[in-house]
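Student: coordinates only, sequence not included:
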C-alpha cells in the first residue's frame, strides 16, 4: 500500500482496535496540529462506527512553549472551570478518548520548572473526576503518534527533515502492524500472546522481583498483595475491549510503593515535559527515591521527583523482552510511547488500581494502605538491557528465574 492507504489504515485501527468506538458514545479526540490530516481521518472512522459526536481538541507544543515563556505563573496554578467541566462532563458520559501526539523531545528544554510543576498539579486537581472515572474502568482510551520534523530529525539526525519523517513513518507503521496482511488479525494474535505471558506470571504469585544487569542495576521491588499482571487489550466496565497504547508490547502490574530497595540505572533517555533526561540513576530505600543523578537533564529529573511525595515511589512494573519487535528495530525513538515498549521499565508515580484485585473499588486511602501509589505523575523510565536478569521471589523465599540475557525464560 502507498502512504495514504497506510495512513487511512492507521486511522481505522486507532478507532477500531485502539479505542474500539461503539455506537452512541461521545469521542473526545486530542490531536496535535501537525497531525490534522490523521485526526480528521480518525474523526471520520469514529462517525462510521456510530459515535454520537467527535469533539476535537487541537494542541500545539510551540504555542504551549510560548505561553510558558511569557505567562505569569499564576495562570499555571489554575485550570479554567469551563475546561475542567468539559473534560469531567464527557467522562461522566462514559466517553471514549483518543490522543494523537506529535512531540518535539526538546520543546520545553530550559522552560520554567515551577510553571511546569504547577501545571501538572493543577491539571490533576481540576480533572480529578475524569481520572476517577478512568481508574474505575468507566471509559476507553488510546494513544497513538504522528511524526513531526523536530521529532524525526532527533531520531535520524543524519537525514534531511523530509527523509527523516519518511523513515519515522515507516517505523511507526511497522510497530502498529500495518503492512503485509490484515492488521486486525495481527493485533488479535499479538493480544493472545501477551495474555498468555500475563497468565503465567499470575499463576506464580511472586511477592517481589530482583533485577541485575551490567549497567549497575541491583534492585528489588515488592509486588502489591493481590496484584494482577495485565497486557495487551483492556476491558472497560461495560466489558468492551480496547488497546490503551498503540503500539504495546508490555505486560505490567502494581508494585507495593513501600517496598523497593537498591539502585536502578536508565537504559534509554527519558523525555519528560519536553526535556531529555539521560544516563540517570535512582536509589531506593523502603520504596522511596533517596538519591539520584543524571549526566544530562538533572533539573528535569529533580522537577519530576519533587512534584509530590508519590513521584518518588513506583506505580508500575513492566516486562518486555529484549528480543521483541520494537527493540529489534534498533531505533531510539526519544518518545516514551515507543521506547517503553522496547525495554523493561518502571514508572514513578500513579499506580493503575485495576492491577490489584478489587483495586478500582478502593478509596485513595484504602489503596495507599495496600501499597498502591497515588501521584499527579505517571512517568515510565526504561531499565531493560540485553543482559538483564530478573528473579521472581515467592512468599516462602524460593526463587524462579523470570528473565535471562534480557528475555523471558519462565
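Tutor: Perfect, thanks for sending it. Source: prediction; values computed, not measured. Residues are numbered from 1 along each chain as shown.
Student: how close does the nearest residue in space to residue 61 that is not next to it in sequence get to residue 71?
Tutor: Computed as C-beta to C-beta, 6 or more residues apart in numbering, the closest residue to residue 61 that is not its neighbour in sequence is residue 107, at 4.8 Å. Just so you know, the C-beta spots here come from the backbone N, C-alpha and C atoms, and that holds for glycine as well. Note on residue 107: its distance to residue 71, by C-beta to C-beta, to the nearest Å, is 16 Å.
Student: cool, residue 100 as well?
Tutor: Taking C-beta to C-beta, one finds residue 100 at 25 Å from residue 71.
Student: Neighbour count: the two, which is higher?
Tutor: Using other C-beta atoms under 10 Å, the more surrounded residue of residue 100 and residue 71 is residue 100, with 24 against 12.
Student: my guess is the more buried one contacts residue 147, does it?
Tutor: No - Residue 100 lies out of contact with residue 147 (C-beta atoms under 8 Å); the separation is 11.2 Å.
Student: Break the chain down into its domains, please.
Tutor: 3-175, 205-232+246-408 (automatic domain parsing).
Student: Would you mark the buried spots in the host helix or strand of residue 4?
Tutor: If you go by DSSP states H and E, residue 4 is part of helix 3-13. Neighbour-count burial for helix 3-13 flags 6-13 (criterion: 16 or more other C-beta atoms under 10 Å).
Student: check contacts around the nearest residue to residue 26 once chain neighbours are set aside.
Tutor: Leaving aside its sequence neighbours, residue 26 sits nearest to residue 95 (C-beta to C-beta, 6+ apart; 4.2 Å). Applying C-beta atoms under 8 Å, 6 or more residues apart in numbering to residue 95 gives the contacts 25-28, 139.
Student: ok, now how distant is residue 95 from residue 162?
Tutor: Counting by C-beta to C-beta, the gap from residue 95 to residue 162 is 37 Å.
Student: Please apply the same query to residue 322.
Tutor: Distance, residue 322 to residue 162, using C-beta to C-beta: 32 Å.
Student: So between those two, which is more surrounded?
Tutor: More crowded of residue 322 and residue 162, by other C-beta under 10 Å: residue 322, with 20 against 10.
Student: Correct me if wrong, but the more buried one is in a helix.
Tutor: No - counting by DSSP: H, G, I helix; E, B strand; the rest coil, residue 322 is not found in a helix; it is coil.
Student: Please name the residues that touch the closest residue to it other than its chain neighbours.
Tutor: In space, residue 322 comes closest to residue 406 once its chain neighbours are excluded; the distance is 3.1 Å by C-beta to C-beta, 6+ apart. When the contact criterion is C-beta under 8 Å, 6+ apart, the partners of residue 406 are 321-323, 384-388.
Student: let's see 6 Å
Tutor: Contacts for residue 406 (C-beta atoms under 6 Å, 6 or more residues apart in numbering) come out as 322, 386, 388.
Student: Hmm, residue 322 and the second one touching each other?
Tutor: Just to be clear, that refers to residue 386. Yes - at 4.9 Å, residue 386 counts as touching residue 322 under the criterion of C-beta atoms under 6 Å.
Student: Residue 258 should be in a helix, yeah?
Tutor: No - according to three-state DSSP, residue 258 belongs to no helix; its state is strand.
Student: so it touches residue 284, yeah?
Tutor: No - shown here, residue 258 and residue 284 do not form a contact pair, counting by C-beta under 6 Å, at 10.7 Å.
Student: Compare those two (neighbour count), which wins?
Tutor: With neighbours defined as other C-beta under 10 Å, residue 258 and residue 284 compare such that residue 284 has more, 23 against 16.
Student: gap between the more buried one and residue 82?
Tutor: 41 Å.
Student: just to revisit the earlier point, which stretch among the domains of the chain is buried most, on average?
Tutor: Stretch with highest mean neighbour count among those: domain 205-232+246-408 (a mean of 20; mean count of other C-beta atoms under 10 Å).
Student: I'd like the distance from that domain to the chain centre, please.
Tutor: In terms of C-alpha atoms, centre = their mean, to the nearest Å, the gap separating the centre of domain 205-232+246-408 from the centre of its chain is 11 Å.
Student: Same question for stretch 129-139.
Tutor: 16 Å.
Student: List of residues touching it?
Tutor: With contact meaning C-beta under 6 Å, 6+ apart, stretch 129-139 is reached by 87-88, 91, 94-95, 236-237, 353, 360.
Student: now the residues you listed as CSV including secondary structure?
Tutor: Supplementary listing: the contacts of stretch 129-139 in CSV, determined by three-state DSSP:
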residue, secondary structure
87, helix
88, helix
91, helix
94, coil
95, coil
236, coil
237, coil
353, helix
360, helix
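Student: any idea which of these is closest to residue 410?
Tutor: residue 353 (26.0 Å; C-beta to C-beta).
Student: per-residue confidence at the nearest residue to the closest one once chain neighbours are set aside?
Tutor: Computed as C-beta to C-beta, 6+ apart, the closest residue to residue 353 that is not its neighbour in sequence is residue 359, at 3.8 Å. On pLDDT, residue 359 comes in at 94.
Student: re earlier: got the domains of the chain as CSV, with distance to residue 191 columns?
Tutor: Shown next, in CSV, are those (distance: least, C-beta to C-beta, whole Å):
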stretch, distance to residue 191
domain 3-175, 9
domain 205-232+246-408, 4
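Student: Of the ones you listed, which is nearest residue 199?
Tutor: domain 205-232+246-408 (7.9 Å).
Student: Quickly find the element holding residue 46.
Tutor: Residue 46 is part of helix 36-48 when elements are defined by DSSP H and E.
Student: swap that for residue 54, sorry
Tutor: strand 53-59.
Student: Distance from the chain centre to that strand, please.
Tutor: Counting by C-alpha atoms, centre = their mean, strand 53-59 comes out at 21 Å from the chain centroid.
Student: repeat for stretch 2-18
Tutor: Its chain's C-alpha centre and that of stretch 2-18 lie 21 Å apart, by C-alpha atoms, centre = their mean.
Student: Please enumerate residues in contact with stretch 72-84?
Tutor: Against stretch 72-84 from outside (C-beta under 6 Å, 6+ apart): 115, 118-119, 122, 126.
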